[in-house]
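S.K.: Quick one, structure for this:
(one chain, ligands or ions: 1)
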Amino acid sequence: MASAKDPVCGMTVDTDRTPASAEYEGKTYYFCTPGCRAAFLADPNKYAS
Ligand SMILES: [Zn+2]
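M.R.: Now for the predicted structure:
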């Protein structure tokens, strides 16, 4: 099992199970919900590290 941190809300997400992910500048980000994904995509520079 792999986990990643949701950059929007800070929650730890299981990358195998989460329904929401997005690629930005060559990196894949994972989100707890599609809502967090939408927030990220609305302003990715604010969240991407
Ligand atoms: Zn989230």
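
S.K.: who touches the longest helix that the chain contains?
M.R.: Taking DSSP state H as the assignment, the helix of the chain that covers the most residues is helix 34-42. For helix 34-42, the surrounding residues in contact (Cβ atoms under 8 Å, 6 or more residues apart in numbering) are 6-9, 19-22, 24, 29, 31, 47-48. Every C-beta, even on glycine, is put in place using the N, C-alpha and C of the backbone.

S.K.: What is the most widely separated pair among those residues?
M.R.: In the contacts of helix 34-42, two members sit farther apart than any others by Cβ to Cβ. They are 19 and 48, at 20.2 Å.

S.K.: Run a quick neighbour tally on residue 2.
M.R.: 8 (other Cβ atoms under 10 Å).

S.K.: cool, residue 18 as well?
M.R.: 19.

S.K.: cool, the one 10 residues further on as well?
M.R.: The number of residues packed near residue 28 is 10, by other Cβ under 10 Å.

S.K.: hang on, it packs against residue 22?
M.R.: Yes - using Cβ atoms under 8 Å, residue 28 is in contact with residue 22, at 7.3 Å.

S.K.: and the chain, which residues reach the ion?
M.R.: With Cβ under 5 Å from the ion as the criterion, the chain comes near the ion at residues 6, 8, 9, 11, 32, 36.

S.K.: Which elements pack onto the strand or helix carrying residue 13?
M.R.: Element membership for residue 13 (DSSP states H and E) is strand 12-14. Judged by 3 or more Cβ pairs under 8 Å, 6 or more residues apart in numbering; DSSP states H and E, the packing partners of strand 12-14 are strand 3-5.

S.K.: circling back to that earlier point, make TSV from the contacts of helix 34-42 and add distance to residue 40 and neighbour count to it.
M.R.: What follows is these, written out as TSV (distance: Cβ to Cβ, whole Å; neighbours: other Cβ atoms under 10 Å):
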residue	distance to residue 40	neighbour count
6	9	21
7	6	21
8	5	21
9	10	14
19	14	11
20	9	18
21	10	14
22	6	17
24	8	14
29	6	24
31	7	25
47	5	18
48	8	13
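
S.K.: From those residues, which land in strands?
M.R.: In this view, the contacts of helix 34-42 that belong to strands under DSSP state E are 20, 21, 22, 24, 29, 31.
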